[in-house]
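**Student:** My questions are about this predicted structure, shown below with the sequence.
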Amino acid sequence: MRWLRWLVGTRQIDRDIAEEIQQHVEEKIAELVSRGMSTEEASYEAERVFGNVALIEERSREVWGWPLLDSLWSDGVYSVRQLRRSPGFALTVVATLAAGIAASIAMFAVIDRVLLRPLPYNNSSQLIEIKESGNKGVSAFGAPYMDLREWYERSHTLKNIAFHTYDKPTSFLEGVTGPVQINTPKVSANLFATLGVPPALGRVFTSESSDNVSPADARTAVLSDAVWRDGFGADGNILGRAIRINGNSYTVIGVMPRGFQFPFNTEKPQIWIPIQLGDSDKRRAKNETPEYRIIARLSNEASIQAANAELKTIQVDVAKQYTDAHARENVTSVELRAYSDSIVEGGVKKALLLLLAAAGVLWLIACINVTSLLLARAAARQREIAVRAALGASHWRIARQLVVEALVISCAAGALGVGLAYISLRLFHNELTSSLNFAVTVTLNIRLTCCLLGLSLLSAVASSAWPAIVAARAAIDPALRQGSVPGSSKSQHRVRRFLVVTQVAMSLTLLVACGLLLRTIFAMKHIPLGFQTDHVIVADMVIPSYKFAGRNMTAELYQPLAERVDKMPGVEAAALTTAVPLGRRFPILFEFAADERDPESVRLEDLVAQFRAVGPGLQKVLGFRMLAGRFFDEGDTAGSAPVVVVNRAFARDYFADHRDLSKVVGEELVSYGDEKMAHIIGVLDDERQASVLEQSKPEIQVCIPQITPKAGFYQVTEGLAMNLLVRTPRDPGSFIPELRETMRSASAELAGSTFTTLDQVVDNSLGDQRTAARLLQVFSGAALLLSLTGLYGLLVYFVAQRTRELGVRLALGAQRGQIVWLVVRQAGEILFAGSVIGLALSYFATRMLASLLYGVKPYDGITLTVACGLLVGAGLAAAYLPARRAAGLSPIEVLRAE
Amino acid sequence: MSPSEQRDLFPGALEIMILQSLRRQPMHGYALGQHIKQRSDELVLVEEGSLYPALQRLLKKKLVSADWETSSTGRRVRTYRITRSGARHLEDEVSSLNRMLKGIALVLAPAKT
């Protein structure tokens, strides 16, 4: 009810109190007058005897309300009024604090999404991922069925083991309005039970036997909520309906609840279909037996360490069952990790936490800035505060007023900060998505709201504590005395200097961190890639391969497309490739089958080669060098002799005899189907394949026109993503729409391809470092700006405080230069102290950065010098204006004003 | 003497004096102040204003009631009356006050003799 007060105005109770107090005083006056006092004396005496009218009225009113809340409210209203009276000040503090809050909130939103967000599974901390490991390191997938079956039967620490796989990154759901891109994981029957999530509608796959596959459900599918809603309008009668995926028909048996996705980090809507085991699953045959990804649930009492120990023991027996000695060496052990850890790489996690720390530093700098501004404001308001104290406001009340004012400021800043955070996450969307692999959005959940409120509250307390204490302790009399200049004491000036020094030190730390990362990016960008990245458009194509089932995709789709694009105006060269260098694609790995009796072939078993199918135009597009022989050309067709190209790393590893590269050309390498063997026709120079930091790995390339359904590689490449690379001097903005049209005319689905430039792909591949560098640029730039404002404010204040002294000095013959020097010296001292502390801070801070750095040491002289120089230069520039103002003072005017 | 020292003797003392005064007859604020001053031989120096928060506390607890009336001098005044629960409260308070005073007197007695 009390809340309504400000809506309905003063209450009856308040009016009664005011009226009866007034009556009281009047009655007293009347009585005193009747005793012979003059009216003036009487009214003075009446008020003296009565006490502080306003205070008593307030105490009387307080009885009826929540006094604290009420007076907090009035403090709030007063603060808003005060702030509106000085919009410049209000704007500065709100914007300053908003910048700090925005940075922290944005980083927290990212971390919340990436690290804190609970997985949409029941008790997800029990879920673990298991992979076999051995000589070649950890398996890329997990383990073959026979092995996981053995774990399942013998383990006591695992409650359940589910497995899953998928053979195509993109599938097509044939919808009413055309094909929709989806993701179709194949899962074991117990997957949903292992995750502990029941369907929202219908049922999930069931298994009669203990092998956890469901042959009876072979042609069934479970839809995700997203597919159900977007593809079928949340149709309640979806169960039992037939849908077509990649040209095959499936019956819908269930729909999973909203928010459920598995595997977790996929962007496309999902439909799950059951895994079916083949004959090869019953053996452990190299290059034949499929490997599955594994997700298991720990028993209630088991720890991940216990499971690790147990599985490692079991695995010793499992490995013994491998008849192939070489294969056995690759499965000697197992690696376990929490499923949540498998989603975000360690490096990303570390980078994010570092960035959060940087955002926190920025926030601290912003708070200090606001503290400094509030101190200056409190000094300017000394008289007002003294009047309040003289009228009976307690220390606590005065301090509270200032804290409430800061609270009003920080609430406004919090609101603005969320907006800024939202905008900045939109701006950094591309970076974040490419380094995290999934999109980050600000969704106001409980954690984020708590963080925001906490941060706003903390900002208010942190920035106003000092000013509040100073104001509350200030002596009343000197401030009230007529003619006294409201000004701060010397100690307060020292406090503000100290604050600015702290800001400068923290900014320098951020600048150094940013500088180091920029040097890293610079170093990474100057690593020779082995190909040219300029003027190349990359189209990431979505190939509707199901449409070409039983037909020759190479002849009917790829070849005509390449020819059309080649003929487009402004195209210098165009080529198809299954992998863009430095692009984020699943690598296709090529391994050699071994003959146990031949030691040479056993050696080759360890050779893992990257496999790429490329068009003959690729050399013209990318401009890489051949070390020997030639690249594919128009003469290499389906009808000509099959040929392959290898890179230097491959030649080195494959031919143990360190032969001359020209002798590599002409060697027979692999079978190409139809008993034909493919010859090596050329050796590529090394190039960066997956990361600018990784040396070239062995690689084999085959020529797309030669890949016919008869060739062994056709099956492999059929379901693959395909990229079109086009070299053109034209502007991507005008060229891409034309290219899209050309591709649409080849096949309608190709219009849905995504386009970018090779420069962008390379830029994206810098990943963590680039994201960190970009964000740190913003953070340290903002930090620098804030500390410069702090410094500038302090100097302006310094000059204003000493105007009289400076005037006297000038009048007594001081040179303008000396006055300038006086101000600049102030700035210089602060900058020097700040730099020294900042350098010490960065010594520790940059050590945490070390793992992100490349080609530069954490304590890099150049970076430190440049950062210091930038800071000092900018600081002195900020000092220029106040210094000029001081030097421009006219002594006559200053002294006359006294 | 600062207001806070003068305002009250001990917590609730002012309220008891107000209730006791009102039991004799209903009064408005000013009269109440004068009454307490006279009855205490001006020993209890109460800042006149401090009556009002105390009156509001009593009103809120429904120990007194208040009505706007016109006084004998033609002044519009707010007259306070003690309620039934106010009277009961007063009795309780007075008896516990008496017990306490007795106790204090006993403690102080030997020192006097």
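**Tutor:** Yep, it's here.

**Student:** I'd assumed A:Ile161 was in a strand, is it?
**Tutor:** Yes. Judged by DSSP: H, G, I helix; E, B strand; the rest coil, A:Ile161 forms part of a strand.

**Student:** quick one: it and A:Thr194 touch, right?
**Tutor:** Yes. With contact defined as C-beta atoms under 8 Å, A:Ile161 reaches A:Thr194; the gap is 7.3 Å. C-beta here means a position set from N, CA and C on the backbone, and glycine is covered the same way.

**Student:** so what sits against both of the two?
**Tutor:** Common contacts of A:Ile161 and A:Thr194, defined by C-beta atoms under 8 Å, 6 or more residues apart in numbering or on different chains, comprise A:Ile295, A:Ala296.

**Student:** and the closest residue to chain B within the stretch 651-800 of chain A, how many neighbours?
**Tutor:** Taking C-beta to the nearest C-beta, chain B has its nearest neighbour within the stretch 651-800 of chain A at A:Tyr797, 36.8 Å off. Per other C-beta atoms under 10 Å in any protein chain shown, the neighbour tally for A:Tyr797 reads 20.

**Student:** Remind me what the helix or strand where it lies packs against, helices and strands.
**Tutor:** Using DSSP states H and E, A:Tyr797 sits in helix A:767-801. With contacts defined as 3 or more C-beta pairs under 8 Å, 6 or more residues apart in numbering or on different chains; DSSP states H and E, the packing partners of helix A:767-801 are helix A:87-111, helix A:346-380, helix A:429-436, helix A:490-525, helix A:816-849, helix A:861-887.

**Student:** Turn those into CSV, columns for mean pLDDT and distance to chain B.
**Tutor:** Putting the helices and strands packed on helix A:767-801 into CSV (pLDDT from 0 to 100; distance: least, C-beta to the nearest C-beta, whole Å) gives the following:
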stretch, mean pLDDT, distance to chain B
helix A:87-111, 87, 35
helix A:346-380, 84, 26
helix A:429-436, 69, 58
helix A:490-525, 87, 29
helix A:816-849, 88, 44
helix A:861-887, 89, 45
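
**Student:** can I get those in a markdown table with distance to A:Gly550 and mean neighbour count?
**Tutor:** Below are the helices and strands packed on helix A:767-801 laid out as a markdown table (distance: least, C-beta to C-beta, whole Å; neighbours: other C-beta atoms under 10 Å in any protein chain shown):
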| stretch | distance to A:Gly550 | mean neighbour count |
| --- | --- | --- |
| helix A:87-111 | 47 | 23 |
| helix A:346-380 | 43 | 22 |
| helix A:429-436 | 37 | 18 |
| helix A:490-525 | 46 | 22 |
| helix A:816-849 | 56 | 18 |
| helix A:861-887 | 61 | 18 |
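
**Student:** Can you redo those as CSV, where the extra columns are distance to A:Arg388?
**Tutor:** Formatted as CSV, the helices and strands packed on helix A:767-801 follow (distance: least, C-beta to C-beta, whole Å):
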stretch, distance to A:Arg388
helix A:87-111, 19
helix A:346-380, 12
helix A:429-436, 49
helix A:490-525, 19
helix A:816-849, 33
helix A:861-887, 31
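
**Student:** among those helices, which is nearest A:Lys131?
**Tutor:** With C-beta to C-beta as the criterion, A:Lys131 lies closest to helix A:346-380 of the helices and strands packed on helix A:767-801, at 15.6 Å.
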